[in-house]
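**Student:** Structure for this input, please:
(chains A and B)
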There are 2 protein chains.
Amino acid sequence: MSQKYEQIYEQLCQHARETALLTATESMLGWDERTNMPPEAAEYRAEQMTLLSGIIHQRRTEARLGEWLGELANSPLAADPHSDSGTTIRQSKREYDKRVKLPQSLVEELTRTASLGQHAWQTARTDNDYRTFQPLLAKTFELKRAQAEALGYVDEPYDALLDDFEPGERTSNITRVLADLREALVPLVSAIAHSGRQPEVSILARRYPTEMQEWFSRGAAAKIGFDFCRGRLDVTAHPFCTGLGPHDCRITTRYDEHFFNTAFFGTLHEAGHGIYDQGLPTDQYGLPPSEAISLGIHESQSRLWENLVGRSRAFWKFFFPAAQQAFPDCLADETLDSFYFAINDVRPSLIRVEADEATYNLHILIRFELERALLNDELAVADLPDAWNAKYAQYLGIRPETDADGVLQDIHWSAGLVGYFPTYSLGNLYASQFFAQANADLGDLSSQFAHGEFAPLNEWLRMNIHAHGQRYSAGELVQRITGKPLSHAPLIDHLFQKLAPLYGLK
Amino acid sequence: MSQKYEQIYEQLCQHARETALLTATESMLGWDERTNMPPEAAEYRAEQMTLLSGIIHQRRTEARLGEWLGELANSPLAADPHSDSGTTIRQSKREYDKRVKLPQSLVEELTRTASLGQHAWQTARTDNDYRTFQPLLAKTFELKRAQAEALGYVDEPYDALLDDFEPGERTSNITRVLADLREALVPLVSAIAHSGRQPEVSILARRYPTEMQEWFSRGAAAKIGFDFCRGRLDVTAHPFCTGLGPHDCRITTRYDEHFFNTAFFGTLHEAGHGIYDQGLPTDQYGLPPSEAISLGIHESQSRLWENLVGRSRAFWKFFFPAAQQAFPDCLADETLDSFYFAINDVRPSLIRVEADEATYNLHILIRFELERALLNDELAVADLPDAWNAKYAQYLGIRPETDADGVLQDIHWSAGLVGYFPTYSLGNLYASQFFAQANADLGDLSSQFAHGEFAPLNEWLRMNIHAHGQRYSAGELVQRITGKPLSHAPLIDHLFQKLAPLYGLK
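**Tutor:** Numbering: from 1, shown residues only, chains lettered A, B, ... in the order given. Sure, this is the predicted structure:
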């Protein structure tokens, strides 16, 4: 009997490994499209990717897969939910059940609308004309409601969508944590804005030669632990990180000769994603024990290296002399203090992707509240721009002058990504909570960073987070590692401890 | 009735287009492996490519394909062999029939032996130890005989193998042309060796900075007609050209800071392949009317641009001033004449890939005669090194001191590529015969080159060769364009006209 289950389980694993070979191939085509592909090759590449994703979708919804999972779900192999087989069966069944719940016609309609939506959004943003985008946005939220109904939910439709990006997370939990965060962040940001202090940010806007930026960023990525024998760093308009196999993680960045932060912190951010990817167990590649848990946990790894480490004073105690050598015309006459203050400049701004570590989460909060209200029919799509502008005034104290700088700035909704935004803030929250624990476990991380020692933190992350793959949900992992549920407190503590001295707050 | 055939034909075309999407994906994985892939990713990439080539092989040998082709072969759609449908049906049936003739066990044995053979060859070459390679080489020729028997042939087994690389070509025809070529070449090469003249080749061995070499080669490739909106140039250890779609042709080169020829003529060579690829009709991509005819014709396009154009005096009349500006330390004090003589240096040498335009074909002739004798059991694998060395003495007047510089220098036989070598010489022969005709049709090509005008030749090649895809076989195409069958005469004329003045021959 047990042998029967083992045979079925082996078939399941073999099937998943072959599917992974194909999804990695699809990722390869996508990576090439963004890094290298000649301009006129786009149409054929799209055909290739459509064919491949069709083959993959077909494999993932095969009836025999459902039969295998039905047999295995109540077998001894699934008894321990955190074992290899238990994890694989649970997570595979979860994915399979979700996939077959969606009618083919709805999937096609969602794909079509996302494609049209992105085109309409691009035009609308360029023309600063929300009205031309509005019908497709309305259609998108209609379809997302239908998707939520088809998938099912306990409390509210948003749960069903959120689950795609942050499996097992609940809207009520996020609402609670983000509300706490808002209560603490709004007065903090306001106090900074009224502190009368500002760093000399022009330091970062001098001419930083691209070649030296590349050399310096690449060196820092390697130093913090990104393995270039198992990865690459390239240039793209929109930076990203993608895994093409168990030993092939590719990150990208972009260079702005007149702004230091873009490439450097962008590279640290993507390297953080890459270090997670490279830290996942390789022996079960293609199976859930070797896969990332959620977008929120992924983002926690990038934010941890970018902000908790990369914007710390200790990090720059080690790196600033090298930066002065690499960019003598920009930094030779500057002090560590002035540079450190400049890279930690906090000020309310309109554009999310340019926001600082503190105000960033208010941008996310606004989007979360709005998309949830839209989905629940508590807000009409026609009223969205006004609602957007009102929230910016309320939380950040500034108001967009145009929709292009307001509600039209992000691609997400146009692409059907509803329920995605909170994962950015979850990333910041997890990062702070993990980092506080690592600091407690490893002694004084600051003095390690100041000596260029990043391996202990890296190893801690690998053992506590990366090595588990999908064995635990994000919520379980936070509880397991820190002994507490997700909380806003570690992030607020981190921000206050860093920013209070800089801005003279009490 | 006719509608029935049209439906079947449409199914056939759709099937082929989808297969092409997958083969282009496989090529993408291969290109990335050679240009970008991180070192530790090799094993997983091999798994990906094995899976994909399995899927492709399965598609190409599907029984329904045989049924469709059986129906179509005698239908009105196949009546005109040079029409779109006639070409597609004929060529698809040809490929299908060949594929299904080979027993699966033989295919697997060939694949396995090729893999083992390449490893054994690499070790044997490093250790200069032919004996360790000999058993696998014997096994390879045994399997190639079995392959020839399974495929069938008219005159001799070599015909069956040659047909894989140069469809429709016959051993007897190649034997005739190469024998004529040898009769003329051996005395020409000997006369040059005894002429008492030699160019100052050290000109080419000065320090040519890599960055400027790249700039200069890239500019020349674009100038002769390689379209960078539909292609790329990258760096690899072994240069190649690969097509990843109708508008995505990628070529590579390598740089030697202390030898001008490597990158420059290598780039012209690959750009020549690329221009053919880019000149094929795009509207039927994936079907025979949009595909290259043969390796020989492909090589004719690369050799034409590399040698007939790129090593001509007229070409350098245009490019030499730019070269002097790009490489002032190397060329500012040199004359066009001395540079032109240096890039046309002819002297017998041991290594095929480093051979000049004239002696190159003698290297090929030796390999052709030997592999044919091995296949016909007229030469024992144990006696191959002696036979090799004897032929080098006879045709080139030099004798390898080691097998590493002799019989072990090429990878081809170890990889099971028997019948491949002649396509290199066919390329040179076709190139000269086409070029002579183009010169006759277009007036004085030299004066066009001297003014940097390459578009007329390009357009002539596109109209006469590229545009036809596989409508005509290589032999038919030569006859059609030049009014004559393949001949050694145009190549010998070209070499004599160029080399006689340089070496003072009569």
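**Student:** you'd agree A:Thr236 is up against A:Thr35?
**Tutor:** Yes: with contact defined as CB atoms under 8 Å, A:Thr236 counts as touching A:Thr35 (5.8 Å). Every residue, glycine included, has its C-beta placed from N, CA and C.
**Student:** between these two, what contacts are shared?
**Tutor:** Counting by CB atoms under 8 Å, 6 or more residues apart in numbering or on different chains, the shared contacts of A:Thr236 and A:Thr35 are A:Thr252.
**Student:** Now do the helix or strand A:Trp68 falls within: distance to the chain's middle.
**Tutor:** According to DSSP states H and E, A:Trp68 maps onto helix A:63-73. How far helix A:63-73 lies from its chain's middle: 32 Å, per CA atoms, centre = their mean, to the nearest Å.
**Student:** Ok, stretch A:415-423 next?
**Tutor:** How far stretch A:415-423 lies from its chain's middle: 11 Å, per CA atoms, centre = their mean.
**Student:** just stretch A:135-148 next, same as before
**Tutor:** 23 Å.
**Student:** Please tell me how far A:Val177 sits from A:Leu486.
**Tutor:** According to CB to CB, to the nearest Å, A:Val177 stands 6 Å off from A:Leu486.
**Student:** And what about A:Leu233, helix, strand or coil?
**Tutor:** When classified by DSSP: H, G, I helix; E, B strand; the rest coil, A:Leu233 comes out as strand.
**Student:** Give me the pLDDT for it.
**Tutor:** Looking at A:Leu233, its pLDDT reads 98.
**Student:** Would you mind naming what in the stretch 251-400 of chain A lies close to chain B?
**Tutor:** Within the stretch 251-400 of chain A, the positions adjacent to chain B are A:Tyr285 by CB under 8 Å from any CB of the partner chain.
**Student:** Which single residue in the stretch 251-400 of chain A comes nearest to chain B?
**Tutor:** Relative to chain B, the nearest point of the stretch 251-400 of chain A is A:Tyr285 (7.5 Å; CB to the nearest CB).
**Student:** And the nearest residue to that residue once chain neighbours are set aside, what's its pLDDT?
**Tutor:** Counting by CB to CB, 6 or more residues apart in numbering or on different chains, A:Tyr285 lies nearest to A:Pro246, which is 4.0 Å off, once chain neighbours are set aside. Predicted confidence (pLDDT) for A:Pro246: 97.
**Student:** what about A:Pro246, neighbour count?
**Tutor:** Per other CB atoms under 10 Å in any protein chain shown, the neighbour tally for A:Pro246 reads 23.
**Student:** Buried ones in the one helix or strand A:Thr19 maps to, by neighbour count?
**Tutor:** Element membership for A:Thr19 (DSSP H and E) is helix A:2-35. Buried residues in helix A:2-35, counted by 16 or more other CB atoms under 10 Å in any protein chain shown: A:5, A:8-9, A:12-13, A:15-16, A:18-34.
**Student:** Please list which of these also come close to chain B.
**Tutor:** By CB under 8 Å from any CB, the members of the buried residues of helix A:2-35 lying near chain B are A:18, A:21-22, A:24-25, A:28-29, A:32.
**Student:** quick revisit: okay but the residue of the stretch 251-400 of chain A closest to chain B is in contact with A:Gly243, surely?
**Tutor:** No: when contacts are counted by CB under 8 Å, A:Tyr285 is not listed as touching A:Gly243 (9.2 Å).
**Student:** picking that back up, anything in contact with each of A:Val177 and A:Leu486?
**Tutor:** By CB under 8 Å, 6+ apart, A:Val177 and A:Leu486 have these common neighbours: A:Leu429.
**Student:** need the contact list for the residue in the stretch 51-200 of chain A that chain B sits nearest to.
**Tutor:** For the stretch 51-200 of chain A, the residue closest to chain B is A:Leu51, as judged by CB to the nearest CB, at 4.9 Å. Counting by CB under 8 Å, 6+ apart, A:Leu51 touches B:18, B:21-22.
**Student:** could these be laid out in JSON lines, adding distance to A:Thr132 and pLDDT?
**Tutor:** As requested, the contacts of A:Leu51 are exported to JSON lines (distance: CB to CB, whole Å; pLDDT from 0 to 100):
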{"residue": "B:Glu18", "distance to A:Thr132": "37", "pLDDT": "97"}
{"residue": "B:Leu21", "distance to A:Thr132": "34", "pLDDT": "97"}
{"residue": "B:Leu22", "distance to A:Thr132": "39", "pLDDT": "98"}
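**Student:** nearest to A:Gly416, of the residues you listed?
**Tutor:** Closest approach between the contacts of A:Leu51 and A:Gly416, by CB to CB: B:Leu21, at 25.2 Å.
**Student:** In this model A:Glu47 seems to touch the closest one, though I could be wrong.
**Tutor:** Yes: B:Leu21 is in contact with A:Glu47 according to CB under 8 Å; the separation is 6.0 Å.
**Student:** Tell me which residue lies nearest the centroid of chain A.
**Tutor:** Central residue of chain A (CA atoms, centre = their mean): A:Glu299, 3.7 Å from the mean position.
**Student:** which residues sit in contact with it?
**Tutor:** Counted by CB under 8 Å, 6+ apart, A:Glu299 has contacts A:423-424, A:426-428, A:430-431.
**Student:** could you point out where chain A is predicted with low confidence?
**Tutor:** Chain A contains residues with pLDDT under 70 at A:1.
**Student:** give me that answer again for 90
**Tutor:** Across chain A, the ranges flagged by pLDDT under 90 are A:1-2, A:104, A:506.
**Student:** what's around A:Asp386, how many residues?
**Tutor:** 12.
**Student:** got a list of what it touches?
**Tutor:** Neighbours of A:Asp386 in contact, by CB under 8 Å, 6+ apart: none.
**Student:** and the helix or strand containing it, which residues are buried?
**Tutor:** Using DSSP H and E, A:Asp386 maps to helix A:384-391. Neighbour counts over helix A:384-391 (16+ other CB under 10 Å) mark A:384-385, A:387-389, A:391 as buried.
**Student:** A:Trp413: which of these is nearest?
**Tutor:** Nearest member of the buried residues of helix A:384-391 to A:Trp413, counting by CB to CB, is A:Leu384, at 9.4 Å.
**Student:** I'd assumed A:Val407 was in contact with the closest one.
**Tutor:** Yes: using CB under 8 Å, A:Leu384 is in contact with A:Val407, at 5.7 Å.
**Student:** Show me whatever sits in contact with both of these two.
**Tutor:** Common neighbours of A:Leu384 and A:Val407, counting by CB under 8 Å, 6+ apart, are A:Tyr130.
**Student:** helix or strand right after the helix or strand hosting A:His119?
**Tutor:** Counting by DSSP H and E, the element that carries A:His119 is helix A:104-127. The helix or strand immediately downstream of helix A:104-127 is helix A:130-151, counting by DSSP H and E.
**Student:** Tell me the helices and strands packed up against that following helix.
**Tutor:** Using 3 or more CB pairs under 8 Å, 6 or more residues apart in numbering or on different chains; DSSP states H and E, the elements in contact with helix A:130-151 are helix A:84-101, helix A:104-127, helix A:157-165, helix A:360-375, helix A:384-391.
**Student:** For that helix, give me every contacting residue.
**Tutor:** A:98, A:101-103, A:106, A:109-110, A:113-114, A:116-117, A:120-121, A:123-124, A:157-161, A:163, A:374-375, A:381-382, A:384-385, A:403, A:407-408, A:413-414, A:416, A:418.
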